[in-house]
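S.K.: have a look at this prediction, sequence included:
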Amino acid sequence: MLHDMGNMVKISEGFSKDEEFLKIRKMYFDKYGTNDHEINLEIGKKEGLTKKEVIILDGKRSRKNEETLKSNSYERKICAYCDQRVAPNGVVGIRERLEDVKVRYKDKPLSVWSNEQKANHLIECSLGIEKQIMEYCSISPKDINDESIEPYIEQLKRYEI
């Protein structure tokens, strides 16, 4: 849910003409700003995430892949890995996902993805994170896909907070 709220920032201005949606979007902009990651952190804090949970949420950012790779926190590694495997149209391989990010953000001057060398380094770090996680798994990265996660998604949809 937090991730979805932050993604409201990424939606283009003309995405919807729905007045209610635009009103809610503006309310979040006014309250939290327009940086999707900062919105996620602020909403997380307001919703009662612990300091440790906020640190994990902050650490999932792909721009922090080198730091996450070196981290001892597998919570952070798993959170980053999961987040970076999800593309707009489903679960994909880590390299495929981040190569797509590199293309989509290459013309955004403030993005680390606009620098080819940095972007490639972040991808290599993410592959390193994947390798670290897979050392403790009985499945391979290709076993994690839309079909294999569907039962868990259905369980999460019924989960009451």
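M.R.: Good, I have the coordinates.
S.K.: can I get the CA coordinates of the longest helix seen in the chain in CSV?
M.R.: Within the chain, and with DSSP state H defining each element, the longest helix by residue count is helix 116-134. Only the C-alpha atoms of helix 116-134 are listed here, as CSV (Å, rounded to 0.1, in the frame of the first residue of the first chain):
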residue,chain,number,x,y,z
GLU,A,116,25.2,4.6,-17.7
GLN,A,117,28.2,3.6,-15.5
LYS,A,118,26.3,4.1,-12.2
ALA,A,119,23.3,2.4,-13.6
ASN,A,120,25.3,-0.7,-14.6
HIS,A,121,27.0,-0.7,-11.2
LEU,A,122,23.6,-0.7,-9.5
ILE,A,123,22.4,-3.6,-11.7
GLU,A,124,25.5,-5.6,-10.8
CYS,A,125,24.9,-4.9,-7.1
SER,A,126,21.3,-6.0,-7.4
LEU,A,127,22.5,-9.3,-9.1
GLY,A,128,24.9,-9.6,-6.1
ILE,A,129,21.9,-9.2,-3.7
GLU,A,130,20.0,-11.8,-5.6
LYS,A,131,23.0,-14.2,-5.3
GLN,A,132,23.2,-13.6,-1.5
ILE,A,133,19.5,-14.3,-1.1
MET,A,134,19.5,-17.4,-3.3
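S.K.: so what does that helix touch, helix or strand wise?
M.R.: Judged by 3 or more Cβ pairs under 8 Å, 6 or more residues apart in numbering; DSSP states H and E, helix 116-134 is in contact with helix 65-70, helix 74-85, helix 94-105. In this view, the C-beta of every residue, glycine as well, is placed from N, C-alpha and C.
S.K.: quick check: residue 60 touching residue 83?
M.R.: Yes - in this structure, residue 60 is within contact of residue 83 by Cβ atoms under 8 Å, at 4.7 Å.
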